[in-house]
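Chemist: All I have is the shape, not the residue letters:
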């Protein structure tokens with residue numbers, strides 16, 4: 001793909017800025033301190049208890065937005081407390097290496113097990129039979145197919161290029177069970193849409209840039225930059 005001229009200029013500016021920020025040992029340490037402090041804060045916002053809302057734990061679906069055009073990435077985890085804290089740090093997840101958390105506009109988190117009680121008994125029994133891990137993978141597949149996040153739509157290849165992924169024709173374990181979760185997915189999609197369109201915090205709300213609900217939360221990492229020293 002041919003690079004846009006303005007992107008080439010921006011890339012060189014980014015490269016030059018990083019060289020300045022890591023010019024010597026002291027600068028490198030300050031850069032490391034600043035980035036980790038920010039990533040840890042985002043991890044706290046994604047998982048910590050707030051007011052009457054419990055700490056995030058167990059199965060979750062999550063999505064990272066860079067702008068208002070839809071999520072750049074959609075994922076799931078059966079251990080939300082671990083995955084969400086690591087997400088901005090990037091120790092076991094590639095995302096922060098591609099798009100640093102400093103430019104994440106929002107992170108949507110849906111704790112989908114909180115929606116099960118409202119389902120028909122037949123679907124609850126079907127979900128129990130599938131198990132939480134398979135159910136999470138199926139919901140992730142349905143969201144990825146519907147929302148088409150660009151970072152889920154390609155996979156890396158050893159030749160240094162990317163290959164397109166045909167999500168709609170996947171034969172993964174989650175894709176094979178996706179058709180069994182119609183009622184649950186409808187509720188997940190409604191909750192996701194509400195969080196994905198929540199107003200960006202302003203004024204005093206910037207101190208804790210989190211919008212909470214009984215089924216999840218949305219965090220605004222870029223807004224929280226102003227709260228990091």
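Modeler: Nice, thanks for sending it over. Note that the structure is predicted; figures quoted are calculated from it, not measured. Residues are numbered from 1 along each chain as shown.

Chemist: residue contacts, the closest residue to residue 164 other than its chain neighbours?
Modeler: Of all residues not flanking residue 164 in the chain, residue 154 sits nearest, at 5.6 Å (Cβ to Cβ, 6 or more residues apart in numbering). (C-beta placed from N, C-alpha, C; glycine too.) Going by Cβ atoms under 8 Å, 6 or more residues apart in numbering, residue 154 touches 162-165.

Chemist: The same query, at a cut-off of 10 Å, please.
Modeler: Applying Cβ atoms under 10 Å, 6 or more residues apart in numbering, we find residue 154 in contact with 161-165.

Chemist: Using JSON lines, lay out these together with secondary structure and neighbour count.
Modeler: As requested, the contacts of residue 154 are arranged in JSON lines below (DSSP: H, G, I helix; E, B strand; the rest coil; neighbours: other Cβ atoms under 10 Å):
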{"residue": "161", "secondary structure": "coil", "neighbour count": "8"}
{"residue": "162", "secondary structure": "strand", "neighbour count": "12"}
{"residue": "163", "secondary structure": "strand", "neighbour count": "9"}
{"residue": "164", "secondary structure": "strand", "neighbour count": "8"}
{"residue": "165", "secondary structure": "coil", "neighbour count": "13"}
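
Chemist: As a markdown table, those with pLDDT and distance to residue 210 would be great.
Modeler: As requested, those are exported to a markdown table (pLDDT from 0 to 100; distance: Cβ to Cβ, whole Å):
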| residue | pLDDT | distance to residue 210 |
| --- | --- | --- |
| 161 | 85 | 38 |
| 162 | 86 | 33 |
| 163 | 89 | 37 |
| 164 | 87 | 35 |
| 165 | 85 | 32 |
